[in-house]
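> coords below, sequence missing:
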């Protein structure tokens, strides 16, 4: 059952990797050919030992298969010539065997690394294809561990399979030669197999369970480390270094104990195999001596060769057992990699078939609802966002403002209702063509560890002129800051823009959005880190741009939305009020109370 499941997973992984199977089969064929050379070298062991034991009597060698043909090439049947011929053949066979194994291992390594590369890239591309909702429920550290660590571990299965094939072929060779020497002793030796099978089966099941736990611990450690490195300033500010060190120490201790448990099971199985084999060999030696003294066994050379073969068979059998146990250990990483390609729980946004050429009218929400996890975020929202106007969405924290605007570029999918653009359902259009017409600037600004120029031009197809770059930077009130830097646009901003202030990061995001020249602007608290003077100047720029675009602004600051053409007040996932600023103030309703609260602060 275990081997069947392992084979099924391996087949899925192979289809996913789309490797050059010729390399795989070439490697396996070389393994089988190398086993034939092992058979030659071990088969010639009997006549070589016979030469020593019989003191030069070569008459019986001519009747041995292959040996008789080999010594026929010796002009004179002298013991010296025959001995060196046999010894030389053994050395050539051993050399060729290991040369073939080297080529086989190299081919298998290339096959494995190529397949690993292909799947690693596919995992990354798959990550790019998932919706924002997927990442809301996943840890970045866990996903990083899958893409880097687990993919590499999963493809180690091919190396294990190669080793398993090599030792299994040697088992066949050794068993065949032992049967040729003495079928009685070989059948008695076969009593080893049931004992070892039971041992390997029990240990493999326990290793599989321990390996799943091991995978969970590895992901926990990776995720924890990622969180700590991402929030180091917070840790220092709250002097929590000792607490985090204790937490990591506990996770690391659990990981070490788990690994120790895995190794204990493997060591136990290996040494128990050795003990069982030693007892079996001792019993066989006793039986062989009985056969020998009764004249039912071949000569001492054959007797010695049989036990050399038996010992080699025991080693190959141990290696087969270790390989099977290794397959158990690596089953968890294989499952984790395959999980990435299972659509069952990935919350993907289905791509449309049509291309959105141009946006000319309005975006309309019709009874839109969305449920994230166990929470109803939007509860039947209906509204209109006309082109050429600035619409502000305001409301208390947790009212669903950010979720609402994330539906427009289809970062989320509504669970009810529909969203129309120019009268067409948004889901009809490809996400690529839709998002090309949208620029999003949110409070959590995304900045790459690169230069200011690279961050400004990110995703901009065809690039832009220096004049256009300067204009966007000037409109975002960023140009003077850039020119004050020694490296100007080539200045590096550090990890997540750590070398910049919050306001500078936001202005880079605004300039990046302006360079895209979208038809729909979405600003989610995009000026929250700016001082009042800079915010007012940027608002003037945005008001100018809004005349030719659809601009949607989410903000808590009343000053940000005062000059909006239309204001939507959202509370508890429902549109409570909408209208111009003066209209809403005149109604003295929820927005009026909200405005008074902010004015008094």
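Thanks, I have it. From a predicted model like this one, the values you see are computed outputs, not experimental measurements. Residues are numbered from 1 along each chain as shown.

> can I assume residue 381 sits in a strand?
Yes: the assignment for residue 381 (DSSP: H, G, I helix; E, B strand; the rest coil) places it in a strand.

> list the beta-bridge partners for it.
Taking DSSP bridges, one obtains residue 368 as the residues bridged to residue 381.

> okay, now it: neighbour count?
Neighbouring residues of residue 381 were enumerated by other Cβ atoms under 10 Å; the total is 24. Any C-beta I mention is one placed from the backbone N, CA and C, and that applies to glycine too.

> can you pull the contacts of it?
With contact set as Cβ atoms under 8 Å, 6 or more residues apart in numbering, residue 381 has these partners: 365, 367, 368, 369, 400, 404, 417, 570, 573, 574, 575.

> top of these by neighbour count?
For these, neighbours were counted by other Cβ under 10 Å; the highest total belongs to residue 404, with 27 neighbours.

> what residues does that one make contact with?
Residue 404 makes contact with 365, 368, 378, 381, 393, 570, according to Cβ under 8 Å, 6+ apart.

> let's go with 10 Å and repeat that
Applying Cβ atoms under 10 Å, 6 or more residues apart in numbering, one finds that residue 404 lies in contact with 365, 368, 370, 377-378, 381, 383, 393, 395, 412, 414, 419, 552, 554, 568, 570, 573, 575.

> now do it against residue 360, distance only.
Shown here: residue 404 relative to residue 360, a distance of 22 Å by Cβ to Cβ, to the nearest Å.

> what sits up against the helix or strand that contains residue 473?
The secondary structure element spanning residue 473 is helix 466-475 (assigned by DSSP states H and E). Taking Cβ under 10 Å, 6+ apart as the criterion, the residues outside helix 466-475 that touch it are 452-453, 456-457, 460, 463-465, 478-483, 489, 507-508, 510-517, 537-538, 540-542, 544-545.

> ranges for the strands of the stretch 401-550 of the chain?
416-421, 424-425, 438-442, 520-524, 550-554 (DSSP state E, counting those that start in this stretch).

> could those be laid out in a markdown table, adding mean pLDDT?
Supplementary listing: the strands of the stretch 401-550 of the chain in a markdown table, determined by pLDDT from 0 to 100:
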| stretch | mean pLDDT |
| --- | --- |
| strand 416-421 | 91 |
| strand 424-425 | 90 |
| strand 438-442 | 86 |
| strand 520-524 | 87 |
| strand 550-554 | 88 |
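
> picking up where we left off before, which among the contacts of helix 466-475 end up buried?
452, 456-457, 464, 478-479, 481-482, 489, 507-508, 510-516, 538, 541-542, 545 (16 or more other Cβ atoms under 10 Å).

> which of those fall within helices?
Using DSSP state H, the members of the buried ones among the contacts of helix 466-475 that fall within helices are 452, 456, 479, 481-482, 507-508, 510-516, 538, 541-542, 545.

> mind checking how far residue 503 is from residue 336?
41 Å.

> pick out whichever of these two has more residues nearby.
A side-by-side neighbour count of residue 503 and residue 336, using other Cβ under 10 Å, places residue 336 first with 22 against 18.

> and what about the more buried one, helix, strand or coil?
helix.

> and residue 342, how many neighbours?
Per other Cβ under 10 Å, the neighbour tally for residue 342 reads 10.

> ok, it to residue 348 distance?
Noted for residue 342: a distance of 11 Å to residue 348, by Cβ to Cβ.

> pretty sure residue 518 sits against residue 439.
Yes: proximity of residue 518 to residue 439 meets the contact threshold set by Cβ atoms under 10 Å, at 4.0 Å.

> parallel or antiparallel, list what pairs with the helix or strand hosting residue 568.
With elements delineated by DSSP H and E, residue 568 resides in strand 566-571, which encompasses its position. Paired strands of strand 566-571, with direction, are strand 390-394 (parallel), strand 574-579 (antiparallel) (DSSP bridges).

> so what touches the last one?
By Cβ under 10 Å, 6+ apart, the residues outside strand 574-579 that reach it are 365, 378-384, 391-395, 399-400, 404, 566-571, 583-587, 589-592, 594.

> and the contacts of stretch 448-457?
Taking Cβ under 10 Å, 6+ apart as the criterion, the residues outside stretch 448-457 that touch it are 445-447, 458, 463-464, 469, 472-473, 476, 478, 481-482, 485, 487-500, 504-505, 508-509, 511-512, 514-515.
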